[in-house]
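>>> I need the structure of the sequence given here:
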Amino acid sequence: MQLNDLRPAEGSTKARKRIGRGNASGHGTTAGRGTKGQLSRSGGGKGAGFEGGQQPLAMRLPKLPGFINHGRIEYTPVNVSLLNNLYEDGEVVDAESLMAKGVIKHDYIPVKVLGDGELAKKLTVRVDKVSASALAKIEQAGGKVEAC
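Have a look, this model is predicted:
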């Protein structure tokens, strides 16, 4: 037996339906689509997501997960350890000085001082928010926090 002798089993294959090749083929004229109607036209029928006119599932579901609070205020975090490294004793920490030292990019974005690290310098802090741990460390070092 050679490879060229191999054939499919008798009756296991069927010739494909050659549609629209004249009436002699048995599938001419309407090409198996029936007479008239939406499905007989080229491009006819509804799309894959069509649900009979009701709102499709893809449009009923939200585009992105979760809830977005548009009223949320995003603060730029600054740790006291960074203030300890950048500022000298008795200096004032505010948005302008932080921007001048390259800590923050914009002075219109609110700043919050966080309590990570140690602070050994007496600083006056004038920012939008200060965490409780940062407030304790600033006051312990002899500095003060002024409301902004």
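
>>> what's the least confident helix or strand in the chain by mean pLDDT in contact with?
Every helix and strand of the chain was ranked by mean pLDDT, DSSP states H and E. The lowest is helix 57-60, at a mean of 92. Contact partners of helix 57-60, identified using C-beta atoms under 8 Å, 6 or more residues apart in numbering, comprise G49, E51. For glycine as for every other residue, the C-beta is placed from the backbone atoms N, C-alpha and C.

>>> Could you do stretch 113-133 as well?
With contacts defined as C-beta under 8 Å, 6+ apart, stretch 113-133 is touched by 75, 77-84, 87-95, 98, 110-112, 134-138, 140-146, 148.

>>> State the mean pLDDT of that stretch.
Here stretch 113-133 scores 95 as its mean pLDDT.

>>> Buried residues, that stretch. List them.
Neighbour-count burial for stretch 113-133, counted by 16 or more other C-beta atoms under 10 Å, picks out V113, L114, G115, L119, K121, L123, V125, R126, V127, D128, V130, S131.
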